[in-house]
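Visitor: No letters, just coordinates:
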């Protein structure tokens, strides 16, 4: 009898547990979804065939038979997605959709490129025409200039001051305004003399560079004048110095936030880390985000990074205090501005990533090991002071030495204030084996560029030549070991997905393209060869990085990132089921999958009802 009573007690407990997990069958759901579902949970291999939603949360996750109890005609909307796939809302772990891209789109100079083909307008022609059509402009900014196209033009004169040529156009139109052409990666910019002078980068009387540390002011080849190009941390530092964003109507910032939201939703993202929200005036963006969220019109979980820049090296703690004060003022239920961004190095492909082996053909002797923007002690100081003030740190780290120095700082800070689980690394093109272990042990998330895991070289007779050219730019062994996403994930690191969009966006960073590149090592837009085959992920591994791991990076996995009872109902409905694709010919079609709809807390945010 005692054994029978014990068995009944156990069965009763199990039944009670199941009911508590899946809610009461007396509840009527607002929404029910049926079809193949990837839950991002460990149970049942991460799969289900139905779920129910009420008041913006999952109340049941399981099968069709179980979900039918939650359906009431006239009360419950039912989505039958029999041929498609439903996944949790995805996370963009490092992007620039709102702070940079959407802001740039509000101005008439957006997406100006440098054309050298016959019959197309040149940069100066476009500038003149744009200014003539906008005579009241207080400044001119653009995004999309391609540095290597500009300097690779056969008509490019290394002894010409393009800063002066741009200035001549502005003077001709009697418009005393700053002009900045950002390149398509945000790491370089071309500007006029007014910018160089007002930002305090060049002394035209003494003919010498007077810029603060952290970036480059490029001179003509004969060293007699600035050629107009600036690089690295001077780019956005300069923009904030000379561009009067306070004079801009709030409507511009409202439009920027809305445009960024629409783009993120269209790509399948419901969680987002903006990696440079203060690049073009943080407070006005924060203000508009808070207003949207207060009025329940935001539809996104967003974290934002306040960049601490090297030119501000003498006021680091004051800048971190400023970031904290802004974060405290504008934080909402869905907006977390308590993040610091550190730009540790440049980019390995352009020979500015901070690496452990010398570049075969460095930009200069000073850049033999890349651009070491901060000293190790400065990195430690920034990380520890930020963590002490409950600010997470997210670092731009391409080269293996940049990664090592940043991990050192994170571990040092953990020793002072206890483990800070939300410090993270961005990009990580190359990493030492011992640092993989250190990231896993110390729970450091890595926002890896899954969509960059390809060579970008089209198939053809010159493939090997171009491949060798690309690999020869880097230290020996670095090219082929780039973006080691599988090694990181299998070591137990919380690997997430980042696109860095719109920076250098050769492949559009939507969830379909990310998954295809991560599983094939190929660009969806071209016939090419697979890159880094040993590091390729399965579809489910790529989805894990995009969903639950992304939520963990942002510290919000308790409320989103997976389809689980009690969590917010954030999900994406796709029109094709590719969950179990394994063959290359199938994987190479994922970019053709369409996003039918995106839901945030049970409400459809894409496509818009209108």
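Guide: Thanks, I have the structure now. Note that the coordinates shown come from a computational prediction; the quantities given were computed from them, not determined experimentally.

Visitor: mind listing the helices for the stretch 501-610 of the chain?
Guide: Per DSSP state H, counting those that start in this stretch, the stretch 501-610 of the chain carries helices over the ranges 511-520, 539-546, 548-553, 584-587.

Visitor: Go through the shortest one and flag the buried ones.
Guide: Of the residues in helix 584-587, those with enough neighbours to count as buried (16 or more other C-beta atoms under 10 Å) are residue 587. To be clear about C-beta, it is placed using only N, CA and C from the backbone, and glycine gets the same treatment.

Visitor: Same question for stretch 153-165.
Guide: 161, 162, 163, 164, 165.

Visitor: Please flag which of those residues sit within helices.
Guide: Using DSSP state H, 162, 163, 164, 165 are the members of the buried residues of stretch 153-165 that sit in helices.

Visitor: Now pLDDT too, for the residues you listed, in TSV please.
Guide: As requested, these are exported to TSV (pLDDT from 0 to 100):
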residue	pLDDT
162	90
163	93
164	94
165	91
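
Visitor: Go through those residues and name the one nearest residue 103.
Guide: residue 163 (23.7 Å; C-beta to C-beta).

Visitor: can the helices of the stretch 501-610 of the chain go into JSON lines with extra columns for distance to residue 284 and mean pLDDT?
Guide: JSON lines is the format used below for these (distance: least, C-beta to C-beta, whole Å; pLDDT from 0 to 100):
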{"stretch": "helix 511-520", "distance to residue 284": "30", "mean pLDDT": "98"}
{"stretch": "helix 539-546", "distance to residue 284": "31", "mean pLDDT": "98"}
{"stretch": "helix 548-553", "distance to residue 284": "26", "mean pLDDT": "98"}
{"stretch": "helix 584-587", "distance to residue 284": "43", "mean pLDDT": "98"}
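
Visitor: can you put those helices in CSV and add distance to residue 533?
Guide: Shown next, in CSV, are the helices of the stretch 501-610 of the chain (distance: least, C-beta to C-beta, whole Å):
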stretch, distance to residue 533
helix 511-520, 9
helix 539-546, 15
helix 548-553, 22
helix 584-587, 11
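
Visitor: so where do the helices sit in the stretch 151-300 of the chain?
Guide: Using DSSP H, counting those that start in this stretch, the helices of the stretch 151-300 of the chain run over residues 162-172, 193-198, 234-242, 250-266, 282-294.

Visitor: How about the contacts made by residue 541?
Guide: 486, 489, 518 (C-beta atoms under 8 Å, 6 or more residues apart in numbering).

Visitor: Revised request: answer the last question for residue 30.
Guide: 53, 54, 55, 75, 76, 77, 602.

Visitor: Among those, the buried ones, what's the PyMOL command?
Guide: The PyMOL command for the buried members of those (criterion: 16+ other C-beta under 10 Å) is given here:
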select buried, resi 53+54+76+602
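
Visitor: From residue 373, how far off is residue 188?
Guide: 15 Å (C-beta to C-beta, to the nearest Å).

Visitor: thinking again about what came up before, out of the helices of the stretch 151-300 of the chain, flag the one nearest residue 576.
Guide: Nearest to residue 576, of the helices of the stretch 151-300 of the chain and by C-beta to C-beta, is helix 250-266 at 17.3 Å.

Visitor: buried ones in the closest one?
Guide: Going by neighbour count (16+ other C-beta under 10 Å), the buried part of helix 250-266 is 253-265.

Visitor: Please apply the same query to stretch 574-583.
Guide: 574, 576, 577, 578, 579, 581.

Visitor: Would you point out the most distant pair within these?
Guide: 574 and 581 (12.4 Å).

Visitor: related to what we said a few turns ago, and the helices of the stretch 501-610 of the chain: which comes nearest residue 595?
Guide: The nearest among those, by C-beta to C-beta, is helix 511-520 at 7.5 Å.

Visitor: quick one: low-confidence ranges for the stretch 151-300 of the chain?
Guide: 279 (pLDDT under 70).

Visitor: closest to residue 607 among the buried residues of stretch 153-165?
Guide: Once C-beta to C-beta is applied, the member of the buried residues of stretch 153-165 that ends up nearest residue 607 is residue 162, at 43.1 Å.

Visitor: Off-centre distance for stretch 65-73?
Guide: Remark: stretch 65-73 is offset 39 Å from the chain centroid, using C-alpha atoms, centre = their mean, to the nearest Å.

Visitor: rewinding a little: tell me the two of the buried residues of helix 250-266 that are most distant?
Guide: Going by C-beta to C-beta, the pair spanning the buried residues of helix 250-266 furthest: 253 and 265, at 18.9 Å.

Visitor: hmm, who's touching the longest strand anywhere in the chain?
Guide: Ranked by residue count under DSSP state E, the longest strand found in the chain is strand 77-88. For strand 77-88, the external contacting residues (C-beta under 8 Å, 6+ apart) are 30-40, 71, 511, 543, 546-548, 560-563, 570-579, 596.

Visitor: for the record, mean pLDDT for that strand?
Guide: Averaged over strand 77-88, pLDDT sits at 97.

Visitor: What count of nearby residues applies to residue 238?
Guide: With neighbours defined by other C-beta atoms under 10 Å, the count for residue 238 comes to 25.

Visitor: swap in the one 5 residues further on?
Guide: As a burial measure, residue 243 scores 22 neighbours (other C-beta under 10 Å).

Visitor: Skip the chain neighbours and tell me the closest residue to it.
Guide: residue 139 (4.9 Å; C-beta to C-beta, 6 or more residues apart in numbering).

Visitor: Show the contacting residues for the one you found.
Guide: Per C-beta under 8 Å, 6+ apart, neighbours of residue 139: 177, 178, 179, 180, 242, 243, 244.

Visitor: same check, this time on residue 578
Guide: With C-beta under 8 Å, 6+ apart, residue 578 has these contacts: 85, 515, 539, 586, 587, 589, 590, 593.

Visitor: Residue 400 now?
Guide: Contacts of residue 400 by C-beta under 8 Å, 6+ apart are 355, 356, 430, 431, 432, 435.

Visitor: Compute the distance between it and residue 480, please.
Guide: 14 Å.

Visitor: So which residues of the stretch 51-200 of the chain form strands?
Guide: Here the stretch 51-200 of the chain has its strands, by DSSP state E, counting those that start in this stretch, at 57-62, 77-88, 90-95, 140-145, 179-183, 188-191.

Visitor: Now find how far off-centre the first one is within its chain.
Guide: In terms of C-alpha atoms, centre = their mean, the gap separating the centre of strand 57-62 from the centre of its chain is 30 Å.

Visitor: which helices and strands sit right next to it?
Guide: Judged by 3 or more C-beta pairs under 8 Å, 6 or more residues apart in numbering; DSSP states H and E, the packing partners of strand 57-62 are helix 2-22, strand 47-54.

Visitor: Check these for me: which has the lowest mean pLDDT.
Guide: Among the helices and strands packed on strand 57-62, helix 2-22 carries the lowest mean pLDDT (a mean of 41).
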